[in-house]
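1. got a predicted model here, sequence first, then my questions.
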Amino acid sequence: MSEFKAIFFFILFLSITLFSESNDMKRGNVVSSVSAKDNVPLADPFILLYEGRYYAYGTHASDGIEVYVSEDLKRWKKEDVLALHKEDSYGDKWFWAPEVYYVNNKFYMYYSAEEHICVAVSDSPLGPFRQAVQKPMLEDEKAIDNSLFLDDDGTAYLFFVRFNDGNNIWVAELEDDLMTIKRETMHHCIHVSQPWEEIWPRVNEGPFVIKHAGVYYMTYSANSYESPFYGIGCATATHIMGEWIKYGDNPLLQKPGNLVGVGHNALFRDKKGNLRVVFHAHHSATTIHPREMYISSVGFKQTNGKDKLFICKDYLIPKLEGN
């Protein structure tokens, strides 16, 4: 590394450190007093469409997982009661990155607590979500960002982040209960390997997978969530347990418009069947927390005879009802 690069990265690291929160505030678990009152203060957001209504979950509350409800993706109402409370789950802090799926007449919430991946169940998208046995899905190691994928044949897979090479992304099959990992199937997908991902530190995280025309598309985030250069990339595979190949022109989304720290996305279909993406960004160019939720459009375009996923650079700013 040249002397110029070393100085640049030291200055960047120092600037990030100075305006980062303490460990207890990691990923926005403590709400900043400077929050814009009408933006939706969710990091690591996920949106579920169920019976004509949208439900948004994310990282924000210190003692569990919040849920917000909307009819049109534009105006959102925060529910008074947490969808998941720490009394009903493993862990006492750091409730991050929830995703909720409706399967077999039950709602399954995949999330992490105290850097362990967990799953809780409810009869309603509003909760309460509970763990019958309050333990992580992997009891003997830390992991985060667990995301469910159901293949066409009904096989359930869990994508998640392990800490054995910085933050890197793995996949494993699940038992029919959608809660138990088949450890013998654990398979490494991607790790830091492209120049845009190497600003600071070694992070590939926030996996989300869809299938289109027989190909698996994984969106993921790289760089520290604290960095203004946090961004979204894409990798594809023709077999889940095969080789995942990253787009050569990643990132798909990084610093769009006036936003910085853009990442940890999830894809969903809106009421018209259009593919959308929800992601978070920093509170401002100089303040990380509370991170806030944004929504954009996703599509595919033909490139060299293959469908290529893209994210529109224009975005919707969801607002809180009554503000």
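-> Nice, thanks for sending it over. Numbers count the residues shown, from 1 in each chain.
2. name the residues of stretch 50-57 that are buried.
-> Residues 54, 55, 56, 57 are the ones in stretch 50-57 that count as buried (16 or more other CB atoms under 10 Å). All C-beta atoms are positioned from the backbone trio N, CA, C, and that covers glycine.
3. list the contacts of the closest residue to the last one other than its chain neighbours.
-> What it means is residue 57. Excluding the flanking residues, the one nearest residue 57 by CB to CB, 6 or more residues apart in numbering is residue 98, at 4.3 Å. Taking CB atoms under 8 Å, 6 or more residues apart in numbering, we find residue 98 in contact with 44, 46, 57, 58, 59, 65, 83, 84, 109, 110, 111.
4. what helices or strands is the helix or strand containing the first one leaning on?
-> Spelled out, that is residue 44. Assessed by DSSP states H and E, residue 44 sits inside strand 43-50. Secondary-structure packing of strand 43-50 (3 or more CB pairs under 8 Å, 6 or more residues apart in numbering; DSSP states H and E): strand 53-59, strand 95-103, strand 263-269, strand 275-281, strand 292-303.
5. residue 201: neighbour count?
-> By the measure other CB atoms under 10 Å, the count of residues near residue 201 is 14.
6. any idea how far it is from residue 232?
-> For residue 201, the distance to residue 232 equals 18 Å [CB to CB, to the nearest Å].
7. what of residue 273?
-> 22 Å.
8. more crowded one of the two?
-> Legend: neighbour count by other CB under 10 Å for residue 273 and residue 232, higher for residue 232 (23 against 6).
9. nearest spatial neighbour of the more buried one, skipping sequence neighbours?
-> residue 253 (4.4 Å).
10. possible to save the helices and strands packed on strand 43-50 as TSV with mean pLDDT and distance to residue 69?
-> Listed next are those as TSV, based on pLDDT from 0 to 100; distance: least, CB to CB, whole Å:
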stretch	mean pLDDT	distance to residue 69
strand 53-59	98	6
strand 95-103	98	12
strand 263-269	98	15
strand 275-281	98	14
strand 292-303	96	13
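11. just put those strands in JSON lines and tack on distance to residue 163.
-> As requested, the helices and strands packed on strand 43-50 are arranged in JSON lines below (distance: least, CB to CB, whole Å):
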{"stretch": "strand 53-59", "distance to residue 163": "18"}
{"stretch": "strand 95-103", "distance to residue 163": "14"}
{"stretch": "strand 263-269", "distance to residue 163": "17"}
{"stretch": "strand 275-281", "distance to residue 163": "21"}
{"stretch": "strand 292-303", "distance to residue 163": "26"}
